[in-house]
Every structure is written in structure tokens, then in C-alpha cells.
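>>> what would the 3D arrangement of this be:
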Amino acid sequence: MSVAVALSPTRLSLAPSLPHAYFSPPLPPMSILRRLNLRQLKLHQHHRRRFATVAAAAVRQDTTVWTQAPLSEIEPAAESLFHVTIDVSDAADLAVTHTCAGQYLQLRVPDVDKPSFLAIASPPSFAAARGAFEFLVKSVAGSTAELLCGLKKGDVVELSQVMGRGFDVDLIEPPEAYPTVLIFATGSGISPIRSLIESGFGASKRSDVRLYYGARNLKRMAYQERFKDWESSGVKIVPVLSQPDDSWTGESGYVQAAFTRAKQIYSPKSAGAVLCGQKQMTEEITSILVADGVSSEKILKNF
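Model (predicted):
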């Protein structure tokens, strides 16, 4: 995408207009001229810096490298959510750039310039082993994501470079020093959390690893078929439904409320957390954890 920038030169009048040819106003004192000249110089420098900043941003946007890749799978994952698998076996340079759970990229569909930002749901090793990236995509009306979810196997999309630092799990290592890891996700925010769990972060070596996963109801909760495997790896799953039906006997309401009811952080100084999802949830959970004594540096986010 190219960005055209046009800046109008600043005009600074140093003397009043001359309505009559014979009128000759007195010259202002030199101190006033010096102040005016200095102001004009500062305005000129300001516009030069502004132009340089905008132009640099345009250049950075233009440096995005797009790689074409076909869809190898697209199927429903839950209500309004889709599993999307993209074949990157012919794009080895792109595949190897996924090195950390929580990273994301931009995706464009044919004939649409506006990209969609998507977190990679598969673990980093998946691209090397299978030559593919997997995503959990929420279909939002009028969005690029909705168009993506309407494509079929074999259709070609464009992917940017992998972006972001991901979840810096080194900050909660070794497992013996941080036995408690609290994970929070809502909706499609479970996507990079899946990558984290399946890439391994020593959950089996920690004594208290909990995933609070919020959704409107079970129909909107993705990855239920993976819960058993996640629990066997050492992660306790706590589903939280905000609008459950009458048969639901688990946690109800919002994730932050469910966690507040449970709490049970035995040693906040040796606890870490991972958050992804709805903004209000991440902000409130962060406040709760910090108030309880968890270091803000140990609360990991991928954006």
C-alpha cells in the first residue's frame, strides 16, 4: 500500500498589507524581527520533521513482503469460528519465521487490499513438520475475516511476514521457580493460547497451571476436542460461560469474576500469567493479579 503525502507550505506574513502605494509603515524593531524569524525557522523545522515522519511510515508500510499460499483446509470450529489451515510448504523462508507462540501475521484475500491480523494457532514446530500454519478465525460481518471464512480449499491468499515477539515464557522460567501459571482467554483469543500449550512451557513440571477460557456458550467454545490432551499435559481447564443454558453446572459469568471467586494464588511472587482476548478482561485480570502481588513483568501478552 502506498501513501501519498502532501504538505502545504506555511505562509507567514511579517508586515501588514499595503492598501496604498505611498504608505510606508515604520520598520519593526530588530528584536521583533529576530523573534519572527526564529518562529518561522521553528515552523519550517516542524514541518520538515512531520513530513519525514509520515514519509518514513509510508516507506515502512511499503516494505511488507506478501507471500501467496493456498488454503489446504477450512471448516467450522464453533459457532462463528473457523479452523483455517494454509499451506506454506513452498514458502520455507516464511515458515521458519514462526519461532514463538503468540506471534501473528497479516492476511489478505483476493481483490481486497485491507488485511486481517491473525494470531497463529499452531505451535511453531508445526510449520516445520507439516509445512502449514493453522488459525482460528472469527467471522465478523463485513470484515476481511468473513471473506476468508467464505473461501474454499485451494483458494490462494497472501501472507505477510510473521510479526510480534509472542509470549516471552523465558520470564516465567524455570518451572520450579514459577510453579503457578494462570492463563486467561476469551473467544478467538484461545488461538495463540493453543499454540502456547501445544508448544510446551513445562506445564507438567509446575504444580498449578489453570486455563480460564470464556465464551458465550458451549456452541461458541472452540477446541473442546483438545481439552483432554491439554489436561494430560498439565493444564487444568476451567470453562466459563457468560450465557449458559439451564443444563450447565460449571462456572458462569465472566472470566474475571470466575477467577476472583477461585483466587487461590498460594505464592504471588512465584506466579506468572498469560492473557489473550477481550480488552476489558485483560485489563481487569491484570489489575486483580497485580493487586494480589503478581509482578506485572510476569503477566505475558502477545500484543
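
>>> output the below-cut-off pLDDT ranges for the protein.
The chain contains residues with pLDDT under 70 at 1-62.

>>> what about the strands in it?
For the chain, the strands defined by DSSP state E cover 67-78, 81-87, 104-108, 116-119, 132-138, 156-159, 180-186, 208-215, 236-241, 251-252, 271-276, 299-300.

>>> nearest to Thr144, out of those?
strand 116-119 (3.9 Å; Cβ to Cβ). (C-beta placed from N, C-alpha, C; glycine too.)

>>> then the closest one to CSV, C-alphas only?
Taking C-alpha atoms only, strand 116-119 is exported to CSV below (Å, rounded to 0.1, in the frame of the first residue of the first chain):
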residue,chain,number,x,y,z
SER,A,116,-6.7,-9.0,8.7
PHE,A,117,-4.4,-9.6,11.6
LEU,A,118,-4.4,-13.2,12.7
ALA,A,119,-2.7,-15.0,15.6
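
>>> and the chain, what are its domain boundaries?
66-163, 169-300 (the TED database).

>>> in the stretch 201-303 of the chain, which spans are helices?
For the stretch 201-303 of the chain, applying DSSP state H, counting those that start in this stretch gives helices covering 227-232, 255-262, 279-291.

>>> wait, Ile193 touches Ala185, no?
Yes. With contact defined as Cβ atoms under 8 Å, Ile193 counts as touching Ala185 (4.6 Å).

>>> mutual contacts of those two, please.
211, 213, 276 (Cβ atoms under 8 Å, 6 or more residues apart in numbering).

>>> just these now: which is nearest Glu198?
For the shared contacts of Ile193 and Ala185, the nearest to Glu198 is Leu211 (12.4 Å; Cβ to Cβ).

>>> what's across from the closest residue to the closest one other than its chain neighbours in the sheet?
Closest residue to Leu211 apart from its sequence neighbours, by Cβ to Cβ, 6 or more residues apart in numbering: Ile183 at 4.3 Å. Ile183 forms beta bridges with Leu211, Val274, as assigned by DSSP bridges.

>>> run a quick neighbour tally on Ile183.
The number of residues packed near Ile183 is 26, by other Cβ atoms under 10 Å.

>>> so it makes contact with Val209?
Yes. Counting by Cβ under 8 Å, Ile183 touches Val209, with 7.2 Å between them.

>>> show residues contacting stretch 150-163.
Stretch 150-163 has contacts (Cβ under 8 Å, 6+ apart) with 64-74, 86, 88, 91, 94, 97-99, 103-110, 115, 120, 133, 148.

>>> any of those residues buried? List them.
67, 69-72, 74, 86, 88, 91, 94, 98, 103-109, 115, 120, 133, 148 (16 or more other Cβ atoms under 10 Å).

>>> in contact with Pro174, which residues?
Counted by Cβ under 8 Å, 6+ apart, Pro174 has contacts Gly202.

>>> dihedrals phi and psi, it?
phi -80, psi 170 (degrees, to the nearest 10).

>>> same deal with the one 4 residues further on?
When read as degrees, to the nearest 10, the backbone of Tyr178 gives phi -130, psi 70.

>>> about what we covered before: can you redo the shared contacts of Ile193 and Ala185 as a markdown table with neighbour count and distance to Thr282?
Conversion of the shared contacts of Ile193 and Ala185 to a markdown table gives the following (neighbours: other Cβ atoms under 10 Å; distance: Cβ to Cβ, whole Å):
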| residue | neighbour count | distance to Thr282 |
| --- | --- | --- |
| Leu211 | 23 | 15 |
| Tyr213 | 28 | 14 |
| Cys276 | 25 | 7 |
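
>>> of those residues, closest to Gly189?
Here the nearest of the shared contacts of Ile193 and Ala185 to Gly189, counting by Cβ to Cβ, is Cys276; it sits at 4.0 Å.

>>> ok, and the closest non-adjacent residue to the closest one?
Per Cβ to Cβ, 6+ apart, closest to Cys276 is Gly189, 4.0 Å.

>>> I'd guessed Tyr213 sits against Val238; true?
Yes. Using Cβ under 8 Å, Tyr213 is in contact with Val238, at 7.0 Å.
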